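Engineer: sequence plus the predicted model coming up.
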Amino acid sequence: MLNRIRRLKGRSFRELRVRGLQAINAQVERLRVYANLPSFPDFDRTKPLGTRSLFDGVLDHSRASSDCVHRTALALATDDPSLTASLGRSAADIRGGRISLMGLGPLSLGNPPDWHRDGQSGIVAPRLHWSRIPYLNPSTVGDHKILWEVNRHQYLLGPALLWNIDGRADDFTLVQSHLASWE
């Protein structure tokens with residue numbers, strides 16, 4: 001307790017206010033998660049809780065790609081002819097459960113990935129609210145940066161671009177399955 005008080009010494013009122021609000025928000029979020037209440041304002045609240053989905057209407061084939069995105073992807077492929085082949089190799093790796101992150105080379109994470117497992121150490125983070133996980137403890141979560149990176153979904157840009165270039169449904173399905181499985 002005394003250490004906590006010492007850490008407050010020298011902090012500005014603004015920092016204390018921000019940190020206090022962050023702690024309060026984490027507590028409120030925990031209550032919402034445990035009460036199974038929707039935390040997204042765009043949910044259709046008229047649907048029963050068990051039938052709501054974050055992806056309601058979002059991953060519809062007809063709306064997933066705009067003309068602008070499609071034209072940009074085609075322009076990139078035209079500008080760099082090797083892009084489509086490179087994206088195809090990346091998508092094949094992802095289908096095989098291997099994702100390249102942070103220059104570490106392909107890590108075996110599964111298809112769709114185990115969102116809580118560090119692909120390097122194999123350690124699975126506990127299924128707790130994020131504010132209760134000691135993410136700096138490698139024996140508990142492995143390398144938290146790997147977990148964070150895979151959960152950013154940036155690796156899905158390749159298959160999404162590939163789908164916009166060649167229109168193959170399996171590339172769209174790959175992206176959709178990963179997003180839908182994210183927990």
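Structural biologist: Arrived safely, thanks for sending.

Engineer: can you name the element that comes right after the helix or strand bottoming out on mean pLDDT in the chain?
Structural biologist: Within the chain, no helix or strand scores below helix 61-64, which has a mean of 48 by mean pLDDT, DSSP states H and E. Using DSSP states H and E, the helix or strand that directly follows helix 61-64 along the chain is helix 67-79.

Engineer: so what's the residue nearest the centre of the chain closest to, chain neighbours aside?
Structural biologist: The chain has N151 as the residue nearest its centroid, 3.0 Å off, counting by Cα atoms, centre = their mean. Distance criterion Cβ to Cβ, 6 or more residues apart in numbering; nearest residue to N151, sequence neighbours excluded, is W115 at 5.9 Å. To be clear about C-beta, it is placed using only N, CA and C from the backbone, and glycine gets the same treatment.

Engineer: give the contact list for the one you found.
Structural biologist: By Cβ atoms under 8 Å, 6 or more residues apart in numbering, the contact list for W115 reads L147, V150, N151, S181, W182, E183.

Engineer: adding secondary structure, write those residues out as JSON lines.
Structural biologist: Shown next, in JSON lines, are the contacts of W115 (DSSP: H, G, I helix; E, B strand; the rest coil):
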{"residue": "L147", "secondary structure": "helix"}
{"residue": "V150", "secondary structure": "helix"}
{"residue": "N151", "secondary structure": "coil"}
{"residue": "S181", "secondary structure": "helix"}
{"residue": "W182", "secondary structure": "coil"}
{"residue": "E183", "secondary structure": "coil"}
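
Engineer: any idea which of those has the most stuff around it?
Structural biologist: Neighbour counts for the contacts of W115, by other Cβ atoms under 10 Å, peak at V150, which reaches 24 neighbours.

Engineer: secondary structure element for the nearest residue to that one once chain neighbours are set aside?
Structural biologist: Closest residue to V150 apart from its sequence neighbours, by Cβ to Cβ, 6+ apart: P113 at 5.7 Å. Of the helices and strands defined by DSSP H and E, none includes P113.

Engineer: same question, L107
Structural biologist: Counting by DSSP H and E, L107 is part of strand 106-108.

Engineer: which residues in this protein form helices?
Structural biologist: Applying DSSP state H to the chain gives helices spanning 2-8, 13-34, 61-64, 67-79, 83-95, 138-141, 144-150, 157-166, 169-181.

Engineer: lowest-confidence stretch among those?
Structural biologist: Lowest mean pLDDT of these: helix 61-64, a mean of 48.

Engineer: circling back to that earlier point, how about the backbone phi and psi for the residue nearest to N151?
Structural biologist: Dihedral angles of W115 (phi, psi; degrees, to the nearest 10) stand at phi -70, psi -10.

Engineer: spatially nearest residue to E149, not counting backbone neighbours?
Structural biologist: L101 (4.8 Å).

Engineer: tell me how many other residues crowd the one you found.
Structural biologist: Neighbours of L101 (other Cβ under 10 Å): 19.
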